[in-house]
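**Student:** okay, predicted coordinates and the sequence, questions at the end:
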Number of protein chains: 2
Amino acid sequence: MWIAELSRRTDVPVATIKYYLREGLLPPGEAVGATRSRYDEAHVRRLRLIRALVESGGLSLARVRGVLAEVDEESRELHEVLGAAHGALIPDDLVATPESRLRVDDLVADRSWLVYSESRDRLLLAAALDALEKVGYHLDDELLETYASAATEIADAEVSHLPTDDRQRTVEATVLLTALGGPVLLALRRLAQQNASAHRYGTSHLPG
Amino acid sequence: MWIAELSRRTDVPVATIKYYLREGLLPPGEAVGATRSRYDEAHVRRLRLIRALVESGGLSLARVRGVLAEVDEESRELHEVLGAAHGALIPDDLVATPESRLRVDDLVADRSWLVYSESRDRLLLAAALDALEKVGYHLDDELLETYASAATEIADAEVSHLPTDDRQRTVEATVLLTALGGPVLLALRRLAQQNASAHRYGTSHLPG
């Protein structure tokens, strides 16, 4: 396809595609004559991945470049690549209290979760617990365990749904599902909260 | 307590507290002499609620005012107040395709969830599904059902954990947990994803 169709298929402006090509984020197309190039499905997928990282993950182009370098490094183990792509979606400036970090480490150990000790996901959870404490809400162990059990069911289903035929596709699906599956889950939780609230507190109105 | 302690307890600057007092978002303290006022625990809780709405929910002060008006309207049913507080955390400019809206309506009907037909939570879910479709990822029914089941467990536990002794506290806890519990859940999901990925793809490194 020509660049115009690539733009239409991915909703990324031609000028932006050209910028990504210059910056090396997107591999060049197949040259046809002196000034035109043809692009293929791999370009469509790569552009969608970049877009998901930038728009949903809020990543800088420098970090996107780092993730893409991991994806393209064929010698790396897939699990490591997924970890790097995953980690790139976490902001740099996270801080958490030692108490919350310890609580997270205990939870990971109790569940025998295979998570690197230096994983930034641990810090992300600790910071999220701190944010609740800061407004005076302590998330008790029972509710935290319910969250953790539900998260396990979700993650197991997500990982078993990842495509296995192609390394690039696996990494792309991981990033897209991590970045864009979260809002789906949170929206479902809100609907389920409404339902639970209606059952607990009652309502004089019939649901539509 | 004096305003300085109120500021220290809530991490909200004195100038901001004075602004909220002028704007009527925070009820006045008990006047002590001509220029000083004393504040109590209700002020601490109200400030934390405003802060959670503004900082985590990203709400404008006008919308915060709307939520607080609902909270303070004692004649409203609790379930309605919770719905209004909940709805305020959703951005105004949401749009979704008819296909996704229909998919959400079907899911709500299949599960017999008590959710108003005009609930903006439905739109939030439809928009989240659209965002995935837009980058070429279709969330299949099986994974969506897994999300919905996990969301149900979570929401049931959350709503059963809400305090019942005091209407204000119930609403506050709903808002705080909806706004700040989400990041906790998503961080746990990431840890569980790492674990699932390690089990599926293997890793040559021992977890720490």
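**Tutor:** That came through, no problem.
**Student:** where in chain A is the helix or strand with the lowest mean pLDDT?
**Tutor:** Lowest on mean pLDDT, DSSP states H and E among the helices and strands of chain A sits helix A:78-87, with a mean of 75.
**Student:** that one: how far from the chain's middle?
**Tutor:** 11 Å (Cα atoms, centre = their mean, to the nearest Å).
**Student:** is the helix or strand just after that helix positioned near chain B?
**Tutor:** Of the helices and strands lying after helix A:78-87 in sequence (DSSP states H and E), the nearest is helix A:98-110. Yes: on the criterion Cβ under 8 Å from any Cβ of the partner chain, helix A:98-110 is in touch with chain B at A:V108. Where C-beta positions appear, they are placed from N, C-alpha and C, glycine not excepted.
**Student:** tell me which residues of helix A:98-110 come out buried.
**Tutor:** Residues A:S100, A:R101, A:R103, A:V104, A:L107, A:V108 are the ones in helix A:98-110 that count as buried (16 or more other Cβ atoms under 10 Å in any protein chain shown).
**Student:** how about those in JSON lines, adding pLDDT and distance to A:A15?
**Tutor:** As requested, the buried residues of helix A:98-110 are exported to JSON lines (pLDDT from 0 to 100; distance: Cβ to Cβ, whole Å):
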{"residue": "A:S100", "pLDDT": "96", "distance to A:A15": "44"}
{"residue": "A:R101", "pLDDT": "95", "distance to A:A15": "44"}
{"residue": "A:R103", "pLDDT": "96", "distance to A:A15": "48"}
{"residue": "A:V104", "pLDDT": "96", "distance to A:A15": "43"}
{"residue": "A:L107", "pLDDT": "96", "distance to A:A15": "47"}
{"residue": "A:V108", "pLDDT": "95", "distance to A:A15": "45"}
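**Student:** and the longest helix seen in chain A, average pLDDT?
**Tutor:** Longest helix in chain A, counting residues (DSSP state H): helix A:167-201. When pLDDT is averaged along helix A:167-201, the result is 86.
**Student:** flag every buried residue along that helix.
**Tutor:** Buried residues in helix A:167-201, defined by neighbour count with 16+ other Cβ under 10 Å: A:170-198, A:201.
**Student:** near chain B too, which of the residues you listed?
**Tutor:** Okay, of those touching chain B (Cβ under 8 Å from any Cβ), that's A:173-174, A:176-178, A:180-198, A:201.
**Student:** tell me the confidence at the nearest residue to A:V12 once chain neighbours are set aside?
**Tutor:** Nearest non-adjacent residue to A:V12, counting by Cβ to Cβ, 6 or more residues apart in numbering or on different chains: A:L47, 5.4 Å away. Looking at A:L47, its pLDDT is 90.
**Student:** number of nearby residues for A:L47?
**Tutor:** 24 (other Cβ atoms under 10 Å in any protein chain shown).
**Student:** pretty sure it sits against A:T10.
**Tutor:** Yes: when contacts are counted by Cβ atoms under 8 Å, A:L47 is listed as touching A:T10 (4.3 Å).
**Student:** what residues are shared contacts of the two?
**Tutor:** A:I17 (Cβ atoms under 8 Å, 6 or more residues apart in numbering or on different chains).
**Student:** circling back to that earlier point, need the buried residues of helix A:98-110 in TSV with distance to A:A128, can you?
**Tutor:** TSV is the format used below for these (distance: Cβ to Cβ, whole Å):
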residue	distance to A:A128
A:S100	9
A:R101	12
A:R103	11
A:V104	10
A:L107	12
A:V108	14
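**Student:** which among those gets closest to chain B?
**Tutor:** A:V108 (6.4 Å; Cβ to the nearest Cβ).
**Student:** and for the closest one, nearest residue in space, chain neighbours not counted?
**Tutor:** A:V115 (5.3 Å).
**Student:** run a quick neighbour tally on that neighbour.
**Tutor:** Neighbours around A:V115, by other Cβ under 10 Å: 25.
**Student:** dump the residue contacts of it.
**Tutor:** Residues counted as contacts of A:V115 (Cβ under 8 Å, 6+ apart) are A:V108, A:D121, A:R122, B:L191, B:Q194, B:N195, B:A198, B:P207.
**Student:** any idea how far B:V171 is from the fourth one?
**Tutor:** What that stands for is B:L191. Relative to B:V171, B:L191 is positioned 31 Å away (Cβ to Cβ, to the nearest Å).
**Student:** ok, the second one next?
**Tutor:** According to Cβ to Cβ, A:D121 and B:V171 sit 32 Å apart.
**Student:** same check on A:L21?
**Tutor:** 52 Å.
**Student:** same thing with A:R45?
**Tutor:** From A:R45 to B:V171 the distance is 45 Å (Cβ to Cβ).
**Student:** remind me which residues of chain A are low pLDDT?
**Tutor:** Along chain A, the parts satisfying pLDDT under 70 run over A:56-58, A:203-208.
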